[in-house]
Each structure stands twice: as C-alpha cells, then as structure tokens.
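In: sequence plus the predicted model coming up.
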Amino acid sequence: MTACEPTEGDEGTSITSSAYRITVDEGRDSFFALCIEDPSRETAWLMSDTVRSLEELR
C-alpha cells in the first residue's frame, strides 16, 4: 500500500462520485456500488460495493 500525500498544486482539485446499481445473473440479483475518483488522475479512484440498509447486508 502506498500513502498518498497531497502534492503541490492539489489545492482546489475536486473529486467526483458516482453511484451505480449493478444487475447480475440475468436480472435476478443486483447490488449498489459507489465510485469516488479524481478525474484528472487515471490512478486516483476507489470503487466499493455498498448496501442501502443493514437489512440488505448479506
């Protein structure tokens, strides 16, 4: 794992986020995912599957 320290010029840089509902098994199941990224840097992103409530957690 590499630590990411802010570099000179990073101030004012904004990140974006997107939410997705991903359907699998020919529509029989789906889950939610969240992506957070810095659009100016190809390797600066994080994507995670999510749940909307504890009852949906498997």
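Out: Cool, got the structure.
In: poorly predicted segments of the chain, please.
Out: By pLDDT under 70, the weakly predicted segments of the chain are 1-13, 50-58.
In: again, only this time at 90
Out: Scanning the chain with the threshold set as pLDDT under 90 gives 1-15, 18-35, 39-58.
In: could you identify the helix or strand that succeeds the helix or strand where residue 22 lies?
Out: Element membership of residue 22, judged by DSSP states H and E, is strand 16-24. Scanning forward in sequence from strand 16-24 by DSSP H and E, the next helix or strand is strand 29-37.
In: sheet-wise, list the partners of that next one with their directions.
Out: Here strand 29-37 is paired, per DSSP bridges, with strand 16-24 (antiparallel), strand 45-50 (antiparallel).
In: now these in CSV, with mean neighbour count?
Out: In this view, the C-beta of every residue, glycine as well, is placed from N, C-alpha and C. Formatted as CSV, those follow (neighbours: other Cβ atoms under 10 Å):
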stretch, mean neighbour count
strand 16-24, 10
strand 45-50, 11
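In: now tabulate those strands in a markdown table and tack on distance to residue 33.
Out: Shown next, in a markdown table, are the strands paired with strand 29-37 (distance: least, Cβ to Cβ, whole Å):
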| stretch | distance to residue 33 |
| --- | --- |
| strand 16-24 | 5 |
| strand 45-50 | 5 |
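In: so who does the closest residue in space to residue 39 that isn't next to it in sequence touch?
Out: Excluding the flanking residues, the one nearest residue 39 by Cβ to Cβ, 6 or more residues apart in numbering is residue 16, at 5.8 Å. Residues near residue 16 by Cβ atoms under 8 Å, 6 or more residues apart in numbering: 36, 37, 38, 39.
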